[in-house]
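S.K.: this one's structure only:
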């Protein structure tokens with residue numbers, strides 16, 4: 001872990017529940033390579049703080065009192081905000097998942113995830129990778145399989161892939177659903 005203050009990952013926490021932000025702060029402040037530079041309780045506040053402070057990563061809840069985390073992400077990406085956005089949410093259904101990726105998120109972590117999963121997501125996204133919680137990655141593969149049923153040769157080709165090739169395929173499917181986050 002990097003201990004130089006200048007090389008720390010600057011985070012913006014966005015959640016409308018103060019107790020959630022406090023818990024995240026307690027978890028993340030103990031990490032020598034992370035620094036929380038601000039907190040927001042609404043989508044509009046998140047957009048304003050992101051533009052003012054240019055965090056490296058925004059941990060974005062989806063359900064906010066003014067605009068959704070999906071809309072805030074969409075607006076930030078449309079405005080050219082360089083921050084990488086990780087959805088941190090209770091929503092694990094397909095609708096929210098794909099909408100957030102399409103809005104430009106680089107990661108998706110359910111709030112039920114272990115602290116290590118969130119820390120891993122932050123590190124991966126900071127390196128320019130995409131992090132999808134393993135349980136949710138299945139949605140991407142299922143989406144691909146549903147599309148492949150329309151073309152049987154694609155399904156046969158999928159069955160012949162190695163594990164590593166399947167991992168790469170998941171990354172490609174993410175890119176198809178979130179063309180603006182790469």
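M.R.: Yep, it's here. Keep in mind that this is a model prediction, so the values were computed, not measured. Residues are numbered from 1 along each chain as shown.

S.K.: Report the central residue of the chain.
M.R.: Central residue of the chain (C-alpha atoms, centre = their mean): residue 107, 2.1 Å from the mean position.

S.K.: so who does it touch?
M.R.: Residue 107 makes contact with 84, 85, 86, 87, 121, 124, 125, 130, 131, 132 under the criterion C-beta atoms under 8 Å, 6 or more residues apart in numbering. Just so you know, the C-beta spots here come from the backbone N, C-alpha and C atoms, and that holds for glycine as well.

S.K.: do residue 34 as well
M.R.: Contacts of residue 34 were listed using C-beta under 8 Å, 6+ apart, and they are 8, 9, 11, 28, 122.

S.K.: helix/strand/coil for the third one?
M.R.: Going back to what we said before, that points to residue 11. Look at residue 11: counting by DSSP: H, G, I helix; E, B strand; the rest coil, its state is strand.

S.K.: just checking, it touches residue 58?
M.R.: Yes - under the contact definition of C-beta atoms under 8 Å, residue 11 touches residue 58, with a separation of 7.4 Å.

S.K.: Just put the contacts of residue 34 in TSV and tack on distance to residue 38 and pLDDT.
M.R.: Formatted as TSV, the entries for these read as follows, by distance: C-beta to C-beta, whole Å; pLDDT from 0 to 100:
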residue	distance to residue 38	pLDDT
8	14	95
9	14	98
11	8	98
28	13	97
122	16	98
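
S.K.: Residue 136: how many residues sit nearby?
M.R.: Here the neighbour count serves as a burial measure; for residue 136 (other C-beta atoms under 10 Å) it reads 17.

S.K.: Residue 17 too?
M.R.: Neighbourhood size, residue 17 [other C-beta under 10 Å]: 11.

S.K.: what does the one 10 residues further on give?
M.R.: Taking other C-beta under 10 Å as the neighbour definition, residue 27 ends up with a count of 13.

S.K.: re earlier: give me the pLDDT for the residue nearest to the centre of the chain.
M.R.: At residue 107 the predicted local confidence, pLDDT, stands at 95.

S.K.: what are the bridge partners for it, then?
M.R.: When bridges are called by DSSP bridges, residue 107 pairs up with residue 86, residue 131.

S.K.: about what we covered before: more crowded one of residue 11 and residue 58?
M.R.: residue 58 (29 against 25).

S.K.: so how far is the host helix or strand of that one from its chain's centroid?
M.R.: For residue 58, the host element (DSSP states H and E) is strand 57-60. Centroid displacement of strand 57-60 relative to its chain, using C-alpha atoms, centre = their mean, to the nearest Å, is 8 Å.

S.K.: Buried residues, the helix or strand harbouring residue 21. List them.
M.R.: Of the helices and strands defined by DSSP H and E, residue 21 is found in helix 18-29. Under the neighbour-count criterion of 16 or more other C-beta atoms under 10 Å, helix 18-29 has 20, 21, 24, 28 buried.
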